[in-house]
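**Q** Quick one, structure for this:
(one chain, ligands or ions: 1)
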Amino acid sequence: MELTDLTISEIHNRLKKKEFSAKELCKAYLDRIEKEDKKIFSFLTVTKKLALSQAEKIDNLIAKREKLPILAGVPAAIKDIILVKDVRCTAGSKILENYTAIYDATVIKKLKTQGVVILGKTNLDEFAMGSSTENSAFFKTKNPHDLSRVPGGSSGGSAAAVAANLCTFALGTDTGGSIRQPASFCGIVGLKPTYGAVSRYGLIAFASSLDQIGPITKTVEDAKIVFDVIKGRDEMDSTSIGGGYDKGLGSPYRQVSKGYVTDKRYRNRLRNRQTLNNLRFGVPKEYFIEGMDPEVEEIIKEAIKKFETLGAKIEEISLPHTEYALPCYYIIAPSEASANLARYDAIRYGELKTQNSKVKTLIDYYFKIRGEGFGEEVRRRIMLGTYALSAGYYEAYYKRALKVRTLVKQDFEKAFQKVDLILTPVSPTPAFKLGERVLDPLKMYLSDIFTVPVNLAGLPAISIPAGKVKNKLPVGLQIIGQAFREEEIFKVASLFEEANL
Ligand code: GLN
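**A** The predicted model follows:
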């Protein structure tokens with residue numbers, strides 16, 4: 001077994017036993033990145049110096065026999081939309097090509113406090129808009145399982161890096177599926193936490209009411225370890241919630257949402273921890289749609305049967321507004337994006353070298369710089385969002401989309417009165433070929449049809465490997481939980497993971 005194959009707890013135990021040093025581990029990854037990333041293209045920036053100096057600090061701690069935090073010395077990669085102080089942060093965009101972050105995002109601060117070794121920043125769709133990482137302004141990342149296919153997106157660089165053993169874990173972001181869908185395509189684990197569970201401070205905003213940072217890992221246990229480190233209330237993000245998480249009081253959901261099952265019922269169901277006995281799982285009938293890859297459907301149905309053999313009660317449920325989720329998302333997300341991206345003009349955040357120019361007025365300058373600095377998809381979204389928010393259209397589009405969002409959320413609330421968790425596919429197909437969908441944005445948007453409703457409702461969901469199409473292309477199963485009950489998701493996901501080995 002190679003050093004780069006290890007999981008977080010394996011690294012932790014073996015570092016403590018001094019079987020290898022943090023520096024050796026770090027170098028093993030850096031060497032592997034140098035060799036393998038020529039084929040995968042997952043890193044936009046490799047922070048070799050930073051990584052080695054962090055590893056050295058951990059080796060000093062070990063030499064002094066100090067207590068090691070669980071993530072100490074563990075090499076990680078960070079999606080290049082999360083700020084790491086003094087490291088370039090591009091968001092996959094030309095307009096930020098020369099921007100260097102001046103502070104650490106809260107999640108990065110937390111990782112650094114643990115002693116994580118940051119190997120570098122990973123490729124993504126520009127401003128996280130996309131499902132294949134092909135919208136990066138720099139290069140296209142390849143799926144490690146088949147180099148002619150996409151790794152998914154927008155956190156495609158992070159997912160490919162984890163799948164190719166170029167880091168132990170990575171951070172991604174998920175606005176409409178960007179952690180779960182690439183995790184599914186790359187055969188690994190990805191968690192989209194409850195909205196508000198993880199601070200967004202220092203995350204370059206795409207759609208602020210949907211964005212969440214989460215872990216991309218090789219195992220469910222690793223996802224839990226990373227999530228436990230990055231979650232919690234942060235005074236720099238007013239939408240972050242600590243409550244029960246920070247005080248160890250269990251779910252704080254009573255303070256923020258009504259209508260879910262009572263705590264008593266929840267506790268009863270959790271009593272039997274080692275099996276799925278007593279837990280009820282809903283399978284929404286709207287999630288098995290026409291046009292879905294038959295092999296994906298079969299793998300998901302098999303996985304659901306496995307849950308049954310583990311003692312779970314499976315029942316069909318209905319989430320009747322599912323078909324409106326995608327159109328609703330494509331009004332809300334671009335609207336928020338059009339406001340969030342208004343600040344980029346290559347003056348305030350990093351300069352952009354333009355071909356010299358005949359620019360005379362400020363307006364000319366803005367047309368030129370934003371025309372050259374943003375890619376096609378980003379421009380499309382800014383226009384869509386600006387239109388949906390404009391006087392006269394606001395009521396018809398944006399306001400109506402907000403109402404539909406409430407209906408989607410209520411679908412889940414009703415379902416969770418009957419079931420504890422929900423099982424669905426992550427995406428209707430396995431990883432598609434590079435180039436296959438770039439010219440057809442609507443087809444590209446469809447790959448998030450099963451992930452987007454979860455963001456609209458603010459719920460937590462995980463993608464875990466369920467099987468492979470043609471013995472080669474991974475397929476993920478999605479487990480959706482109730483707000484702030486990631487714990488329960490981890491529990492059932494690791495039971496399935498074990499049974500599926
Ligand atoms: N693919 C979706 C989009 O393009 C979701 C992206 C994301 O979750 N960041 O908006």
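
**Q** Doesn't Gly392 belong to a helix?
**A** No - counting by DSSP: H, G, I helix; E, B strand; the rest coil, Gly392 falls outside a helix, being coil.

**Q** of all the residues in the stretch 401-501 of the chain, which ones are close to the ligand?
**A** Counting by CB under 6 Å from any ligand atom, the stretch 401-501 of the chain comes close to the ligand at Asp448. The C-beta positions use only the backbone N, C-alpha and C, and glycine is treated the same way.

**Q** For the stretch 401-501 of the chain, which residue gets nearest to the ligand?
**A** Closest contact between the stretch 401-501 of the chain and the ligand, by CB to the nearest ligand atom, is at Asp448 (4.7 Å).

**Q** and the nearest residue to that residue once chain neighbours are set aside, what is it in contact with?
**A** With sequence-adjacent residues excluded and distances taken as CB to CB, 6 or more residues apart in numbering, Asp448 is closest to Gly177, at 4.0 Å. Listed by CB atoms under 8 Å, 6 or more residues apart in numbering, the contact set of Gly177 reads 131, 192, 426-427, 447-448, 450-452, 455.

**Q** go on, Glu497?
**A** Per CB under 8 Å, 6+ apart, neighbours of Glu497: 189, 219-220, 464-465.

**Q** Out of those, who's the most crowded?
**A** Using other CB atoms under 10 Å as the neighbour test, these are led by Val189, with 30 neighbours.

**Q** what's that one sitting at in phi/psi?
**A** When quoted as degrees, to the nearest 10, the phi and psi of Val189 stand at phi -100, psi 140.

**Q** Export stretch 399-418 to PDB, keeping only CA atoms.
**A** The C-alpha trace of stretch 399-418 is given here as PDB (Å, rounded to 0.1, in the frame of the first residue of the first chain):
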ATOM      1  CA  LYS A 399     -40.500  36.500  -6.800                       C
ATOM      2  CA  ARG A 400     -42.300  33.600  -8.300                       C
ATOM      3  CA  ALA A 401     -39.200  31.400  -8.100                       C
ATOM      4  CA  LEU A 402     -38.900  32.200  -4.400                       C
ATOM      5  CA  LYS A 403     -42.500  31.000  -3.900                       C
ATOM      6  CA  VAL A 404     -41.700  27.800  -5.800                       C
ATOM      7  CA  ARG A 405     -38.700  27.400  -3.600                       C
ATOM      8  CA  THR A 406     -40.900  27.300  -0.600                       C
ATOM      9  CA  LEU A 407     -43.100  24.600  -2.200                       C
ATOM     10  CA  VAL A 408     -40.000  22.500  -2.900                       C
ATOM     11  CA  LYS A 409     -39.000  22.900   0.800                       C
ATOM     12  CA  GLN A 410     -42.500  22.000   2.000                       C
ATOM     13  CA  ASP A 411     -42.400  18.800  -0.100                       C
ATOM     14  CA  PHE A 412     -39.400  17.700   2.000                       C
ATOM     15  CA  GLU A 413     -41.000  18.800   5.300                       C
ATOM     16  CA  LYS A 414     -44.100  16.700   4.500                       C
ATOM     17  CA  ALA A 415     -42.000  13.700   3.500                       C
ATOM     18  CA  PHE A 416     -39.900  13.900   6.700                       C
ATOM     19  CA  GLN A 417     -43.100  13.600   8.700                       C
ATOM     20  CA  LYS A 418     -43.300  10.000   7.300                       C
END
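
**Q** same question for that stretch, mean pLDDT?
**A** What stretch 399-418 shows for mean pLDDT is 98.

**Q** How about it, which residues are buried there?
**A** Neighbour-count burial for stretch 399-418 flags 401, 404-405, 408-409, 411-413, 415-416 (criterion: 16 or more other CB atoms under 10 Å).

**Q** of all these, which two lie farthest apart?
**A** Ala401 and Phe416 (23.0 Å; CB to CB).

**Q** Output the below-cut-off pLDDT ranges for the protein.
**A** With pLDDT under 70 as the threshold, the chain has low-confidence stretches at 243-274, 354-357.

**Q** Write out the residues of it neighbouring the ligand.
**A** Applying CB under 6 Å from any ligand atom, we find that the chain lies next to the ligand at 128-131, 154, 174-178, 206, 333, 448.

**Q** Once you drop chain neighbours, what's closest to Ile8?
**A** Leaving aside its chain neighbours, Ile8 sits nearest to Asp222 (4.7 Å; criterion: CB to CB, 6+ apart).

**Q** Quick one: classify the one you found as helix, strand or coil.
**A** helix.

**Q** Now do the contacts for it.
**A** Applying CB under 8 Å, 6+ apart, the residues near Asp222 are 7-9, 168-169, 189, 215.

**Q** do the same with Glu295
**A** Here Glu295 is in contact with 430, 469-470, 475 (criterion: CB under 8 Å, 6+ apart).

**Q** which of the residues you listed tops the neighbour count?
**A** When neighbours are taken as other CB under 10 Å, the top entry among these is Val475 (27 neighbours).

**Q** wait, isn't that one in contact with Ile299?
**A** Yes - judged on CB atoms under 8 Å, Val475 makes contact with Ile299 at a distance of 4.7 Å.

**Q** so what's in contact with those two at the same time?
**A** Jointly contacting Val475 and Ile299 under the rule CB under 8 Å, 6+ apart are 466-469.

**Q** Quick one: which of those residues is the most crowded by neighbours?
**A** Neighbour counts for the shared contacts of Val475 and Ile299, by other CB under 10 Å, peak at Ala466, which reaches 26 neighbours.

**Q** Secondary structure element holding that one?
**A** Using DSSP states H and E, Ala466 sits within strand 461-469.

**Q** List the contacts of that strand.
**A** So strand 461-469 is in contact with 179-181, 183-184, 187-192, 220, 223, 293, 295-296, 299-300, 302-303, 426, 430, 451, 454, 474-481, 489-490, 493, 496-497, 500, going by CB under 8 Å, 6+ apart.

**Q** Strand partners (parallel or antiparallel) of that strand?
**A** Using DSSP bridges, the strands paired with strand 461-469 in its sheet are strand 189-192 (antiparallel), strand 473-480 (antiparallel).

**Q** Show me what the helix or strand that comes right after the shortest one is packed against.
**A** Following the chain from strand 189-192 toward its C-terminal end, the next helix or strand by DSSP H and E is strand 212-217. In terms of contacts (3 or more CB pairs under 8 Å, 6 or more residues apart in numbering; DSSP states H and E), strand 212-217 is packed against helix 156-163, strand 169-174, strand 189-192, helix 220-230.

**Q** got the angle between strand 212-217 and helix 220-230?
**A** Counting by axes from the mean of the first three to the mean of the last three CA atoms, to 10 degrees, strand 212-217 lies at 140 degrees to helix 220-230.
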